[in-house]
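>>> No letters, just coordinates:
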């Protein structure tokens, strides 16, 4: 699975960093603490971030990160930022690092029209949200089966009920782990809407279980068929249904490639990244030329690879693919990180989640430095600092350790979770929480 791959990458980063240690930590740490204290904004409420919201609401793509997959503060910040952007910035959809098929059920829920749902009843709707979330079967399900996600879905549902169809905001997943379930859904789609194609396409879709040599070509043929039907304006089938099937076919293809036996870690990482990108590009095209999106994903996906002082070879991430397709001025990424507190994670892949205490960050790391500013919550407008002439960039341009971990937390080997970055090259802004809390799994 991808978690083992991430662990191997992290170890690789540590080794290379130690080799290149003469290139990092040459700056007086006290200077860095003073630098971030002088150039950051302490905040307590989302309204304190009005300057940030004014800046990013004009962007086409806003990437909201997280340094863990189990921190409530990150979820709530993304929720509040997204609410403000949706209300003031005309964003069309939120895309999250979750399974396409499972999250699509949430999209259908939040886009019910008034004839389907005559009024908004918080209690009954909350129960319905919980029922949908509880059907999310993929490990690690707690990433989205939590109260923080439910609260956002409930808010989005209520918001959409007040909007005309053209202004309703969607929510979609762009991950591929549920590709086999998506394969079943695609068969059901063909049986219902294209019965004349069902036998042949069903047989072609079964290639994912046989590892046949021409399986990718068969899946591409299905994608091309659905794409042609989707863009055929004379097709009688509902365009939403066709688009759903079109996206689902991509998930099946990339999922099949990702889980091929003997696939190398770099290959798997890039396949997953390409899937993220393809699903997002299709969504942006679906919503039209001026469409805008808010993306929730891990810092490792939304941070610029150029900001990590490691030679990644041919490895890609989502931010890199997006910046190759859109203007720099159209994209904005915000990294979220924390110094201490508790987090929901697991010790090993496949385990049940539990609460871990986040270890003290390694000395002189980014998290350690931000913690020493004395701010409980801070926002640093990195994009502004690198363009201001009166800023001393001597300290600002040095590499520094930065922590990130996913669903597995190797707390006994804290150093495995770090990589050297130049913050302003990695993110456009950083939001720091000194002491964070775990997500709430009690639905």
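Perfect, I can see it now. Computed from a predicted model, the values in this text were never measured in an experiment. Numbers count the residues shown, from 1 in each chain.

>>> how about the helix or strand harbouring residue 158: buried residues?
Taking DSSP states H and E as the definition, residue 158 sits inside helix 147-161. Counting neighbours by 16 or more other Cβ atoms under 10 Å, one finds that the buried residues in helix 147-161 are 147-157, 159-161. Every C-beta, even on glycine, is put in place using the N, C-alpha and C of the backbone.

>>> Among those, which one lies nearest to residue 266?
Nearest to residue 266 among the buried residues of helix 147-161 is residue 149, at 30.9 Å by Cβ to Cβ.

>>> And what about residue 400, helix, strand or coil?
strand (DSSP: H, G, I helix; E, B strand; the rest coil).

>>> That one and residue 421 touch, don't they?
Yes - assessed by Cβ atoms under 8 Å, residue 400 is found in contact with residue 421 at 6.5 Å.

>>> So for those two, which sits in the more crowded spot?
residue 421 (25 against 22; other Cβ atoms under 10 Å).

>>> how about the residue lying closest to that one once chain neighbours are set aside, what does it touch?
Spatially, and ignoring its direct neighbours in sequence, residue 421 is nearest to residue 402 (4.5 Å; Cβ to Cβ, 6 or more residues apart in numbering). The neighbourhood of residue 402, defined by Cβ atoms under 8 Å, 6 or more residues apart in numbering, consists of 337, 365-367, 418-421, 423, 426.

>>> Need the max-distance pair from the residues you listed.
337 and 420 (14.6 Å).

>>> which strands and helices sit next to the host helix or strand of residue 322?
For residue 322, the element it lies in under DSSP H and E is helix 318-323. When contacts are defined as 3 or more Cβ pairs under 8 Å, 6 or more residues apart in numbering; DSSP states H and E, helix 318-323 packs onto strand 61-64, helix 265-287, helix 299-302, strand 331-345.

>>> Centre of the chain to that helix, how far?
12 Å (Cα atoms, centre = their mean, to the nearest Å).

>>> Could you do stretch 190-207 as well?
That offset, for stretch 190-207, works out to 32 Å (Cα atoms, centre = their mean).

>>> Just the residues contacting it, thanks.
183, 186-187, 214-215, 218-219, 221-222, 225, 237, 241, 252, 256.

>>> Buried residues, it. List them.
So for stretch 190-207, counting by 16+ other Cβ under 10 Å, buried means 190, 193, 198, 201, 204-205, 207.

>>> got a list of what residue 80 touches?
Residue 80 touches residue 46, counting by Cβ under 8 Å, 6+ apart.

>>> ditto for residue 92
Residue 92 neighbours (Cβ under 8 Å, 6+ apart): 169-170, 287-288, 291-293.

>>> circling back to that earlier point, most neighbours of all the contacts of stretch 190-207, which one?
Result: residue 252 is most packed of the contacts of stretch 190-207 (other Cβ under 10 Å), 27 neighbours.

>>> Please, which helix or strand holds residue 431?
Using DSSP H and E, residue 431 falls in strand 429-436.

>>> Packing partners of that strand?
helix 72-89, strand 331-345, helix 366-371, strand 377-380, helix 382-385.

>>> where does the stretch 101-250 of the chain dip in pLDDT?
For the stretch 101-250 of the chain, residues meeting the criterion pLDDT under 70 lie at 114-123, 233-236.

>>> where exactly do the helices run in it?
122-134, 147-161, 179-193, 195-205, 215-231, 239-258 (DSSP state H, counting those that start in this stretch).

>>> could you dump these to TSV with distance to residue 433?
Below are these laid out as TSV (distance: least, Cβ to Cβ, whole Å):
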stretch	distance to residue 433
helix 122-134	25
helix 147-161	14
helix 179-193	34
helix 195-205	44
helix 215-231	41
helix 239-258	32
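
>>> With residue 432 as the reference, name the closest of those helices.
helix 147-161 (18.9 Å).

>>> ok, back up a step: overlap of the contact sets of residue 400 and residue 421?
With Cβ under 8 Å, 6+ apart, residue 400 and residue 421 have common neighbours residue 366.

>>> sorry, back to before: quick one: strands adjacent to the strand holding residue 431?
Next to strand 429-436 in the sheet, as set by DSSP bridges, lie strand 331-345 (parallel), strand 377-380 (antiparallel).

>>> quick one: stretch 240-256 to chain centroid distance?
19 Å.

>>> residue contacts, the spatially most central residue of the chain?
When the chain is reduced to its mean C-alpha position, the nearest residue by Cα atoms, centre = their mean turns out to be residue 297, at 1.6 Å. Contacts for residue 297 (Cβ under 8 Å, 6+ apart) come out as 63-66, 96-97, 276, 318.

>>> Filter these down to the buried ones, PyMOL style.
Here is the PyMOL selection string for the buried members of the contacts of residue 297, based on 16+ other Cβ under 10 Å:
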select buried, resi 63+64+65+66+96+97+276+318
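
>>> could the contacts of residue 297 be laid out in CSV, adding pLDDT?
CSV is the format used below for these (pLDDT from 0 to 100):
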residue, pLDDT
63, 98
64, 98
65, 98
66, 98
96, 98
97, 97
276, 98
318, 98
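
>>> which one of the contacts of residue 297 sits closest to residue 110?
residue 96 (12.6 Å).

>>> Checking the closest one next. Helix, strand or coil?
With three-state DSSP as the criterion, residue 96 reads strand.

>>> And it, how far from residue 298?
11 Å (Cβ to Cβ, to the nearest Å).

>>> if we can go back for a sec, please name every helix or strand in contact with the helix holding residue 158.
For helix 147-161, where contacts count as 3+ Cβ pairs under 8 Å, 6+ apart, the packed elements are helix 72-89, helix 100-110, helix 122-134.

>>> Of those, which is nearest residue 305?
It is, among the helices and strands packed on helix 147-161 and with distance given as Cβ to Cβ, helix 72-89, at 21.2 Å.

>>> chain center to the closest one, what's the gap?
Centre to centre, stretch against its chain (Cα atoms, centre = their mean), the figure for helix 72-89 is 14 Å.
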